[in-house]
Every structure is written in structure tokens, then in C-alpha cells.
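Visitor: my questions are about this predicted structure, shown below with the sequence.
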Amino acid sequence: MNEVIGIIIAAILCWLNFVIVDTYFGLPEQAGVRGAGLVGKDVEKRGGDIAGGYFQGNILCSPDASAGTLLASIGYLLLGIPGGIIAAFFVFMGNRLCADPGYAGTCGSLTATLIVFICCSFLGFAPEMFIVGMVIAILTVQGIDQVRASVVLGKIAEKFNRHARE
């Protein structure tokens, strides 16, 4: 498979995995960990969506499905499926250390392991494509334009009926 096309497809799959899992587990609804509320309110002050800001704050302050997807991709590269499962365990421990009450990161890590396994085993992808793809996916949510990304995340939260209730 062409590397550029593989990375683009992997970035889309990683983005969908972590945004859907994190939204399903309610990251846009409220600041679940310390610091996430500050990020959400700051993003809202700059013209963004509070739910998207909470989403961004939660993934910044605790290992959620974004970290789970990235670590699962690395774990799969190193050890195959057991590496993805070990990554899920590390994300679970990280959530407990951050006093994060949810399991979005653990589930995101496990779903990412499954996605990477299917794509690498049957579709000709390389695990490295998912590592690069996940970095790109994280940059689109956290690094390139936080305010516009929060608006997109807020719209997705509305579709899932997970928008912040304030």
C-alpha cells in the first residue's frame, strides 16, 4: 500500500475511533478531571463550543481514547495484539492515577488494537501508519485550531446527545 494513502486512511480511522469512543463515554458533557474545566471555559471564551472544550480538556488532562489509540498502535507495532492489550492496561492505570472515573481510554485502546490488527493483517497497512495517523488526528483536535475543532466536537456531541449541560 502507498504510504501516504495509508497514513491518510489511518489518520481518519484513528480520529473516528478516538472521537467516537470519547464522545460515547461523555467527555464533552463535563470536566471529568481537574484542569479540563479550565480548558473548556477558555475555549468557550475564545468563541469555541464548551462541549468541545471539555472534550479537549479531558483528553489533555487524562489518558483517554486519544492516548489509548496512540499507545495501542505503538504496542501493536512492538508486540502485536498482546502489545495493544498491554497498552490498554497502561491507559487504565493512567486513568486511575488521574482519578478519571471513566473507561474511554481503555476501550479506545482495545478498539484501536482491533482496528490496527484488521488493517495490518488483511488490508496491507503497517502499524507505523497508525502511529503517524494518530499523531495527525490528535493535532487536528488539539493543535492546529482549537476553537474550530471544539465547534466540530460540539456538533458531534449534540448528535450523540452528549453536549455539555450548562
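Guide: Perfect, thanks for sending it.

Visitor: list the residues that contact the residue nearest the centre of the chain.
Guide: Closest to where the C-alpha atoms of the chain average out (CA atoms, centre = their mean) is Ser66, at 2.3 Å. Residues in contact with Ser66 (CB atoms under 8 Å, 6 or more residues apart in numbering) are 18, 22, 59, 108, 134, 137-138, 141. (Glycine included, C-beta is placed from N, CA and C.)

Visitor: pLDDT score for it?
Guide: Looking at Ser66, its pLDDT reads 84.

Visitor: and it, how far from Val39?
Guide: From Ser66 across to Val39, the span is 14 Å (CB to CB, to the nearest Å).

Visitor: likewise Val116?
Guide: Counting by CB to CB - Val116 and Val39 are separated by 29 Å.

Visitor: so these two - more neighbours on which side?
Guide: Higher neighbour count among Val116 and Val39: Val116, with 33 against 22, using other CB atoms under 10 Å.

Visitor: what's the helix or strand for the closest residue in space to the more buried one that isn't next to it in sequence?
Guide: Ranked by CB to CB, 6 or more residues apart in numbering and with sequence neighbours excluded, the top spatial neighbour of Val116 is Tyr76, at 4.6 Å. Following DSSP states H and E, one finds Tyr76 within helix 65-79.

Visitor: buried residues, that helix. List them.
Guide: Of the residues in helix 65-79, those buried by neighbour count under the rule 16 or more other CB atoms under 10 Å are 65-77.

Visitor: stretch 127-140 now?
Guide: Within stretch 127-140, the residues scored as buried using 16+ other CB under 10 Å are 127-134, 136-138.

Visitor: hmm, who's touching it?
Guide: With contact meaning CB under 8 Å, 6+ apart, stretch 127-140 is reached by 3, 6-15, 18, 66, 69-70, 73-74, 76-77, 112, 115-116, 119-120, 149.

Visitor: stretch 95-106 too?
Guide: Residues from elsewhere that reach stretch 95-106 (CB under 8 Å, 6+ apart): 21-22, 24-27, 32-34, 61-65, 67-68, 88, 91-92, 94.
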